[in-house]
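S.K.: Prediction below, plus the sequence it came from.
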Amino acid sequence: MAGDGKLAGILEPNDEVCHMENNLYVKSSELDYPSVGQLAMQLEQNNIQPIFAVTENMKDVYMELTKMIPKSEVGVLSSDSKNVVQLIERAYNKLSSKVTVTHDILPDNVRVEYMPVCAHPKQEGPNKGVCDEVQVGHEVSVLSFFFNPSLILS
């Protein structure tokens, strides 16, 4: 937990940089643990959606944690952990992603606009077609409109 480092005299907050050398973290006596907010930000920036497989007695703790970590899921393991594959499969199917269609540089006389066709379309400008909260197995479409402004008659 962020702040626990104070018990060992570690007052420097985590800098969110990987300090690994020979597969060992070398700043454990200098930097505090990252906060949940820092962790959530890094997960989101790297498009990582965690699935927590926990025992029943830890479920409530991790359910609270998922409120602070977007797009995370919790599943309860059976006593013999035989349901781990089903748990991960079920949690995976609940996760969602953002699908974006865009383009790079176009010739001056060509314009392209996108219109997303999906359950959760987002308008992020005419040069992007965005569908948010796309779940596994769902189809999305993005209509593209091409036109050449020099062909417009006055």
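M.R.: Thanks, I have it. Numbers count the residues shown, from 1 in each chain.
S.K.: Let me see the ranges of the helices in this protein.
M.R.: Using DSSP state H, the helices of the chain run over 36-45, 59-68, 84-94.
S.K.: mind putting the ones you listed in CSV, mean neighbour count and mean pLDDT included?
M.R.: C-betas here are computed from N, CA, C, even on glycine. Listed next are these as CSV, based on neighbours: other Cβ atoms under 10 Å; pLDDT from 0 to 100:
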stretch, mean neighbour count, mean pLDDT
helix 36-45, 14, 92
helix 59-68, 13, 94
helix 84-94, 14, 81
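S.K.: Any stretches of the chain with poor pLDDT?
M.R.: For the chain, applying pLDDT under 70 flags the ranges 126, 145-154.
S.K.: Mind checking the helices of the chain for the one nearest to G129?
M.R.: For G129, the closest of the helices of the chain is helix 36-45, at 21.3 Å, according to Cβ to Cβ.
S.K.: okay, that closest one in CSV with CA atoms only?
M.R.: Provided in CSV are the C-alpha atoms of helix 36-45 (Å, rounded to 0.1, in the frame of the first residue of the first chain):
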residue,chain,number,x,y,z
VAL,A,36,-3.9,2.6,-6.5
GLY,A,37,-4.3,5.8,-8.6
GLN,A,38,-0.8,5.4,-10.0
LEU,A,39,-1.5,1.8,-10.7
ALA,A,40,-4.8,2.5,-12.4
MET,A,41,-3.3,5.2,-14.6
GLN,A,42,-0.4,2.9,-15.7
LEU,A,43,-2.9,0.0,-16.4
GLU,A,44,-5.1,2.3,-18.5
GLN,A,45,-2.2,3.9,-20.4
